[in-house]
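Participant: What shape does this take:
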Amino acid sequence: MGDARHQARPSDHNLGNAFDITHDPSTGCHGDVIASAALQDPRTKYVIWNRRIWNLERGDRAWRHYTGDNPHTHHCHVSIRSGARNDTRPWGWAPGGSADVTPPPAQATPPSNGTPALPSEQHPYPGVPLKKGDRSESVRAVQTRLRRLGWRIGIDAVFGPETDRVVRAFQRRRGLEDDGIVGPRTWRALFS
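Facilitator: Predicted coordinates:
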């Protein structure tokens with residue numbers, strides 16, 4: 001529940017509809033991973049982390065600058081939908097949770113374009129679009145990058161139904177056509 005500071009104003013904490021998780025990469029609790037996992041969970045209403053907010057109920061398709069007095073650089077705030085208050089399923093950032101995510105490097109900082117803070121990876125576009133049914137090291141590179149960005153995805157170099165689902169969700173989040181095809185635009189969005 002909200003502390004005295006939260007109770008002095010309207011806050012999801014006061015209703016039991018929010019929680020904060022301390023950003024502590026030295027113990028494996030990285031705010032980027034928490035935020036990515038929370039944004040994939042249907043219980044989430046919005047997330048505030050590292051001077052950014054992503055409000056799913058508002059229809060945000062990317063991070064935007066957060067202007068509140070607390071920059072949320074030491075913890076990740078997750079507000080949940082009121083009907084999800086009693087849903088005790090595990091979240092995806094802890095061992096045994098529902099996501100398979102890898103924390104980014106501790107020195108990562110959020111870029112201004114609203115994508116998760118990870119260093120760029122150099123993978124040249126393979127020259128042909130990747131799609132469901134493909135099997136290749138390029139598919140493995142896409143799966144690996146998606147996982148590093150916090151998406152729940154297996155890495156097997158096979159562009160199967162799971163990869164198709166995650167690619168489409170990634171495309172929607174980035175404002176791209178969600179056709180499930182990793183063409184030049186989706187490739188750039190992944191690896192830039």
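
Participant: which intervals of the protein have sub-threshold pLDDT?
Facilitator: 1-4, 6-8, 92-122 (pLDDT under 70).

Participant: Give me the most central residue, it.
Facilitator: residue 36 (2.1 Å; Cα atoms, centre = their mean).

Participant: Verify the stated contact: it with residue 149.
Facilitator: Yes. With contact defined as Cβ atoms under 8 Å, residue 36 reaches residue 149; the gap is 6.7 Å. In this view, the C-beta of every residue, glycine as well, is placed from N, C-alpha and C.

Participant: circling back to that earlier point, can you tell me the SS state at the residue nearest to the centre of the chain?
Facilitator: helix (DSSP: H, G, I helix; E, B strand; the rest coil).

Participant: That one and residue 134: what is the separation?
Facilitator: With distances taken as Cβ to Cβ, to the nearest Å, residue 36 is found 25 Å from residue 134.

Participant: What of residue 40?
Facilitator: Taking Cβ to Cβ, one finds residue 40 at 24 Å from residue 134.

Participant: how does the protein divide up, domain by domain?
Facilitator: Domain ranges of the chain: 4-84, 137-191, per automatic domain parsing.

Participant: could those domains go into a markdown table alongside distance to residue 123?
Facilitator: Compiled in a markdown table, the domains of the chain are given as follows (distance: least, Cβ to Cβ, whole Å):
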| stretch | distance to residue 123 |
| --- | --- |
| domain 4-84 | 20 |
| domain 137-191 | 5 |
